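Trainee: sequence isn't available, so here's the structure alone:
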């Protein structure tokens, strides 16, 4: 059995990657696992301003952990992950780790135990950046239903359709995701999605094949602060319109892949409506400040012509909302 850990890397500050890799080196009960022939760390340096070599020079690697650094022109996180997948063995296990996140010490061993036992996908609980509690305790995950696992403590198999489960209660953060490469050998990230949703689309495509999914309730991933286009972009400008464009692209692509899954299509249509409202809100926010993003408007309309309906409705909705607020204040 071979295990590949893929880390896309692009950071401006030193020390971020080294912190992530030290959490890999600190994994327990895996480097001397009798069934694991090889564990390889693949760091894809996506033309990072801080070179990967300078980050790894001071890291003490376990004897059985091999690593390599691949350099490429900047292609974004999706392109970097794809490069790692392209060099991994097709019969191996894949685990992702973003360069600004950290693993808990038992993450990889628990993932390998699950995949060895016949599961196709493993995902775990995590703590989002600046959050006060883990995602399993958040209201949005209350609909998650698991059958308790007999092979792994504090874990369970997703009950029902994994795609619907992921849409209702998303658990598959990439830094906590591991899977059998042989089950999804041709699956890749959409490298055109450089601003948002490349991870969401990847997971949706994975779940469409109804894999066996193990979810760990234990917190095994800790989100860190590094370069994150989605989280760092301020709302109300051209960059936030680019994020909505990628979100819409991912939703439409996922919808186009579904043929006989009406419930999932309905959920994707709701996502699409939300993205149209988001685009309209940002567009009108810019317009009233005498900024007219015509290029972004034309691009969005080519992708999703129905966004124009929401653009026309938006000011009427705002006026109606203001009217109701004033009537409430009057009473």
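Mentor: Yep, that arrived. Note that the coordinates shown come from a computational prediction; the quantities given were computed from them, not determined experimentally.

Trainee: tell me where the stretch 101-250 of the chain has helices.
Mentor: In the stretch 101-250 of the chain, the segments counted as helices under DSSP state H, counting those that start in this stretch are 107-116, 162-168, 198-207, 229-232, 238-257.

Trainee: hey, least reliable of those helices by pLDDT?
Mentor: Mean pLDDT values for the helices of the stretch 101-250 of the chain show the minimum at helix 229-232, a mean of 57.

Trainee: still on that earlier bit, select, out of the helices of the stretch 101-250 of the chain, the one closest to residue 78.
Mentor: helix 198-207 (4.0 Å; C-beta to C-beta). Quick note: C-beta positions are derived from backbone N, CA and C, even for glycine.

Trainee: spatially nearest residue to residue 309, not counting backbone neighbours?
Mentor: residue 276 (7.8 Å; C-beta to C-beta, 6 or more residues apart in numbering).

Trainee: show me the contacts for that neighbour.
Mentor: 248, 304, 306-307, 309-310 (C-beta atoms under 8 Å, 6 or more residues apart in numbering).

Trainee: which among those residues count as buried?
Mentor: 248, 304, 307, 310 (16 or more other C-beta atoms under 10 Å).

Trainee: which ones are touching the residue lying closest to the first one once chain neighbours are set aside?
Mentor: Meaning residue 248. Nearest non-adjacent residue to residue 248, counting by C-beta to C-beta, 6+ apart: residue 275, 4.7 Å away. Residue 275 makes contacts with 244, 247-248, 251, as judged by C-beta under 8 Å, 6+ apart.

Trainee: buried among those? Make that a ChimeraX selection.
Mentor: In ChimeraX syntax, the buried subset of the contacts of residue 275 is picked out as below (16+ other C-beta under 10 Å):
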select :244,247,248,251
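
Trainee: could you single out the nearest of the contacts of residue 275 to residue 144?
Mentor: Of these, the one sitting nearest to residue 144 (C-beta to C-beta) turns out to be residue 251, at 21.5 Å.

Trainee: where does the prediction get shaky in the stretch 101-250 of the chain?
Mentor: For the stretch 101-250 of the chain, the stretches with pLDDT under 70 are 226-232.

Trainee: wait, isn't residue 140 in contact with residue 169?
Mentor: Yes: using C-beta atoms under 8 Å, residue 140 is in contact with residue 169, at 6.2 Å.

Trainee: who's more crowded, these two?
Mentor: The residue with more neighbours, out of residue 140 and residue 169, is residue 169; 19 against 10, by other C-beta atoms under 10 Å.

Trainee: still on that earlier bit, any chance of CSV for the helices of the stretch 101-250 of the chain, columns distance to residue 269?
Mentor: Converted to CSV, the helices of the stretch 101-250 of the chain look like this (distance: least, C-beta to C-beta, whole Å):
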stretch, distance to residue 269
helix 107-116, 33
helix 162-168, 12
helix 198-207, 14
helix 229-232, 22
helix 238-257, 8
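
Trainee: residue 1: which of those is closest?
Mentor: helix 107-116 (7.2 Å).

Trainee: gap between that closest one and the chain center?
Mentor: 20 Å (C-alpha atoms, centre = their mean, to the nearest Å).

Trainee: what of stretch 182-191?
Mentor: With C-alpha atoms, centre = their mean, you get 14 Å for stretch 182-191.

Trainee: what comes up buried for it?
Mentor: Buried residues in stretch 182-191, counted by 16+ other C-beta under 10 Å: 184, 189-191.

Trainee: which residues are contacting that stretch?
Mentor: So stretch 182-191 is in contact with 75-79, 81-82, 85, 90-91, 120, 198-199, 201-202, 205-206, 209, 211, 249-250, 253, going by C-beta under 8 Å, 6+ apart.

Trainee: the strands in the chain, which residues?
Mentor: 2-9, 38-45, 65-71, 93-96, 102-103, 121-127, 146-148, 155-158, 178-180, 213-222 (DSSP state E).

Trainee: out of those strands, which is closest to residue 25?
Mentor: It's strand 65-71; of these, that one is closest to residue 25 (C-beta to C-beta) at 6.5 Å.

Trainee: elements contacting the closest one?
Mentor: Counting contacts by 3 or more C-beta pairs under 8 Å, 6 or more residues apart in numbering; DSSP states H and E, strand 65-71 is packed against strand 38-45, helix 52-56, helix 76-87.

Trainee: give me that answer again for 10 Å
Mentor: The contact analysis (3 or more C-beta pairs under 10 Å, 6 or more residues apart in numbering; DSSP states H and E) places strand 65-71 against strand 2-9, helix 16-25, strand 38-45, helix 52-56, helix 76-87.

Trainee: before we move on, the earlier item: in CSV: the buried residues of stretch 182-191, plus distance to residue 233.
Mentor: Converted to CSV, the buried residues of stretch 182-191 look like this (distance: C-beta to C-beta, whole Å):
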residue, distance to residue 233
184, 30
189, 20
190, 19
191, 19
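
Trainee: what is the nearest of those to residue 15?
Mentor: Of these, the one sitting nearest to residue 15 (C-beta to C-beta) turns out to be residue 189, at 26.4 Å.

Trainee: what distance do you get for the closest one to residue 65?
Mentor: 25 Å (C-beta to C-beta, to the nearest Å).

Trainee: could you do residue 1 as well?
Mentor: In terms of C-beta to C-beta, residue 1 sits 15 Å off from residue 65.
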